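In: structure for this input, please:
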Amino acid sequence: MKSKIAIITGASRGIGQAIALRFAKEGYQLGLCCHHKGQQLEETANACLVFGIKCVTMTFDIGDEQKVHEFMS
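Out: Okay, here's the model as predicted:
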């Protein structure tokens with residue numbers, strides 16, 4: 001069976017954080033990013049790791065195409 005993977009932007013708080021937690025609970029491997037709130041993003045990732053999933057985080061502006069490519073590789 002293939003792994004389920006989700007990329008979630010704005011994952012440091014609010015709706016993005018709630019989505020990240022829900023997907024983690026469902027067993028998705030996650031790529032989480034946000035623009036400014038790196039510490040909060042790491043807290044979200046740590047909360048997701050409780051569900052035994054893999055989680056990658058990065059803080060950057062998704063309008064920066066080069067950073068998006070770095071995140072995706």
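In: and stretch 34-43, end to end?
Out: One end of stretch 34-43 to the other measures 12 Å (Cα to Cα, to the nearest Å).
In: tell me the buried residues in it?
Out: Residues of stretch 34-43 classed as buried by neighbour count (16 or more other Cβ atoms under 10 Å): 34, 37, 41. The C-beta positions use only the backbone N, C-alpha and C, and glycine is treated the same way.
In: same thing with stretch 22-34?
Out: Neighbour count says stretch 22-34 has 23-24, 28, 30-34 buried, by 16+ other Cβ under 10 Å.
In: how far out from the middle of the chain is that stretch?
Out: A distance of 6 Å separates the centroid of the chain from that of stretch 22-34, by Cα atoms, centre = their mean, to the nearest Å.
In: ok, stretch 11-26 next?
Out: 8 Å.
In: contacts for it next, please.
Out: Contact partners of stretch 11-26, identified using Cβ atoms under 8 Å, 6 or more residues apart in numbering, comprise 4, 6, 8-10, 30, 32-34, 36-38, 40-41, 43-45, 47-51, 53, 55, 57.
In: looking at those residues, which are in helices?
Out: In helices, judged by DSSP state H, the following of the contacts of stretch 11-26 are found: 38, 40-41, 43-45, 47-49.
In: list the contacts of Lys4.
Out: 23, 26-29.
In: next: Cys34.
Out: Counted by Cβ under 8 Å, 6+ apart, Cys34 has contacts 9-13, 16, 40-41, 59.
In: quick one: which of those residues has the most company?
Out: With neighbours defined as other Cβ atoms under 10 Å, the most crowded of the contacts of Cys34 is Ala11; it has 29 neighbours.
In: tell me the pLDDT of that residue.
Out: The score at Ala11 is 96. That number is its pLDDT.
In: would you mind measuring from the residue most central in space within the chain to Met58?
Out: In the chain, the C-alpha nearest the mean C-alpha coordinate belongs to Leu32, at 1.4 Å (Cα atoms, centre = their mean). Look at Leu32 and Met58: by Cβ to Cβ, to the nearest Å, they are 8 Å apart.
In: just the pLDDT for the residue nearest to Asp61 when sequence neighbours are not counted.
Out: In this structure, Asp61 finds its nearest non-sequential neighbour in His35, 5.5 Å apart by Cβ to Cβ, 6 or more residues apart in numbering. pLDDT recorded at His35 is 94.
In: sweet, I'm off.
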